[in-house]
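Participant: build me a structure from this.
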Amino acid sequence: MKRYRYRMYPDQEQCVHLVRVFGCARMVYNDVIAARRAAFAAGEKSPSVYDLMKLMARSKQTEERAWLGEVTDVALQQSMRGADAAYGNFFASLTGNRKGRKLGAPRFKSRKDHHDSFRITGRANFAVRKVGAHRGQVRLPKVGWVHFALSRDLPAAPSSLTVVRDPDGRYYVCFVVEASARTAPAPIHPCVGIDLGLDHLAVMAFDDGTSVKVDNPRHLNRKLRKLAAAQKELARRQKGSANREKSWHKVAVLHRKVRETRLDHHHMLARKVVDENQVIGLETLSIRGLGRTRMARSIHDAGWGTLVRLIEEKATEAGRTVVRADRFFPSTRMCSACGAVGEKKPLRIRSWTCRCGATHDRDVNAAANLRNVAAGQAETLNDCGGRVSPAPVPATTPEAVTALATT
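Facilitator: Numbers count the residues shown, from 1 in each chain. Next up, the predicted model:
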């Protein structure tokens, strides 16, 4: 299953109806959370999502909730299912059945979030058609045919779609389709190790001894001056005024440009890495922990987590192999020539010489060690880098003969 995202261009009347759908979906989402919290406070069993759907259907017959009938039922039901799934993930995180960081309890959605979405499935009888070169239309229930930029054709009929409104006011439609696996070209290198950093976004070491350094574009750093001016202007605006909304829109546009430029660069780099290498060695970084240090802004600007996720997704689709080294694997301290592990090296040390006489560039050596891990030529669980058990040696003379006790 893959997701295809396109920019959508609704007219003014359609925008009004889409905003109404966003509001209704947000309202029923909050209804689920309110009902679950009330049941918990009263010590009662939480109502199921199906019971809440029946309650919502009856509430539409009342005068207070009649406006829920102006939008499609499927969007409301999917919103309630989303709230139920959020509670399921929360409880799975509490019990340890869900991997990853701990999740908090679902919270109410606010109309001030500036990021809205709703999802509909095939039961809503939506339709998609191509009306010209790079132009398409999608029929949304109770909205009509809405134009979107069909930059690439859909490989199959979509099973569901999601309409998204970004904070800067742009609309997008995301289709979920079942697509066949992509046929990747023949790899150029059998194995590569990738070390992530800040001076260079990625340093790649190949099996033939060559290496490539990819510069860090620092997308956010390039926009910091414009962002500072826009946010300073926003801070001076009176809350609730039209000028504040205009200033807020400027800030959202700048953040969107940074986000999309970074994602496009990561997509191209991940595609190049996957197409050219059969086995890819990656390190396991504690990005959340590094995000609490003084380098937090630079680390988040680099987008290591997104890059690693894209490499793994594209490698799975293309039939490539990704090997992740252990988090405590000493890729920087270990000599890629002899395997000896030295002392810890601060960031100011960019090159060092091993006791075996080999001189290493800090990043290239780390990438080479990750390549050895991917190729199965290095173990990752022992910091010493040597054998788990010592080799057998001849016993010394006192140990060879044991004196017998005499009576």
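Participant: all helices of the chain, in order?
Facilitator: Assigned by DSSP state H, the chain shows helices spanning 12-41, 49-59, 73-95, 219-222, 224-236, 242-276, 287-290, 296-302, 304-318, 362-374, 397-400.
Participant: could I get these as a markdown table with distance to residue 105, mean pLDDT and mean neighbour count?
Facilitator: All C-beta spots, glycine's among them, are computed from the backbone N, C-alpha and C. Below are these laid out as a markdown table (distance: least, CB to CB, whole Å; pLDDT from 0 to 100; neighbours: other CB atoms under 10 Å):
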| stretch | distance to residue 105 | mean pLDDT | mean neighbour count |
| --- | --- | --- | --- |
| helix 12-41 | 9 | 94 | 17 |
| helix 49-59 | 16 | 91 | 15 |
| helix 73-95 | 5 | 94 | 17 |
| helix 219-222 | 31 | 94 | 16 |
| helix 224-236 | 31 | 96 | 13 |
| helix 242-276 | 28 | 95 | 16 |
| helix 287-290 | 20 | 88 | 12 |
| helix 296-302 | 25 | 93 | 17 |
| helix 304-318 | 24 | 93 | 18 |
| helix 362-374 | 39 | 90 | 26 |
| helix 397-400 | 64 | 44 | 8 |
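Participant: how about those in JSON lines, adding distance to residue 347?
Facilitator: Shown next, in JSON lines, are the helices of the chain (distance: least, CB to CB, whole Å):
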{"stretch": "helix 12-41", "distance to residue 347": "45"}
{"stretch": "helix 49-59", "distance to residue 347": "50"}
{"stretch": "helix 73-95", "distance to residue 347": "34"}
{"stretch": "helix 219-222", "distance to residue 347": "18"}
{"stretch": "helix 224-236", "distance to residue 347": "22"}
{"stretch": "helix 242-276", "distance to residue 347": "23"}
{"stretch": "helix 287-290", "distance to residue 347": "12"}
{"stretch": "helix 296-302", "distance to residue 347": "12"}
{"stretch": "helix 304-318", "distance to residue 347": "16"}
{"stretch": "helix 362-374", "distance to residue 347": "9"}
{"stretch": "helix 397-400", "distance to residue 347": "48"}
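Participant: against residue 131, how distant is residue 275?
Facilitator: Taking CB to CB, to the nearest Å as the measure, residue 275 falls 33 Å from residue 131.
Participant: just residue 90 next, same as before
Facilitator: Here residue 90 is placed at a distance of 43 Å from residue 131 (CB to CB).
Participant: follow-up on the earlier one: wait, which of the helices of the chain is closest to residue 200?
Facilitator: Judged by CB to CB, the one of those that comes nearest to residue 200 is helix 362-374, at 6.3 Å.
Participant: which residues touch the closest one?
Facilitator: Applying CB atoms under 8 Å, 6 or more residues apart in numbering, the contact partners of helix 362-374 are 191-195, 197, 199-200, 203-207, 211, 213, 279-283, 321, 323, 325, 329, 331-332, 334-336, 345, 349-352, 378, 380.
Participant: strands - which of those residues land there?
Facilitator: Counting by DSSP state E, these place 191-195, 200, 203-206, 211, 213, 279-282, 321, 323, 351-352 in strands.
Participant: and those residues, which are buried?
Facilitator: 191-195, 200, 203-206, 211, 213, 279-282, 323, 352 (16 or more other CB atoms under 10 Å).
Participant: and residue 330, how many neighbours?
Facilitator: Residue 330 has 18 neighbouring residues, counting by other CB atoms under 10 Å.
Participant: sorry, wrong one. I was asking about residue 102.
Facilitator: Neighbours of residue 102 under the rule other CB under 10 Å: 9.
Participant: is it in contact with residue 93, as I believe?
Facilitator: Yes. Counting by CB atoms under 8 Å, residue 102 does reach residue 93; the two are 5.3 Å apart.
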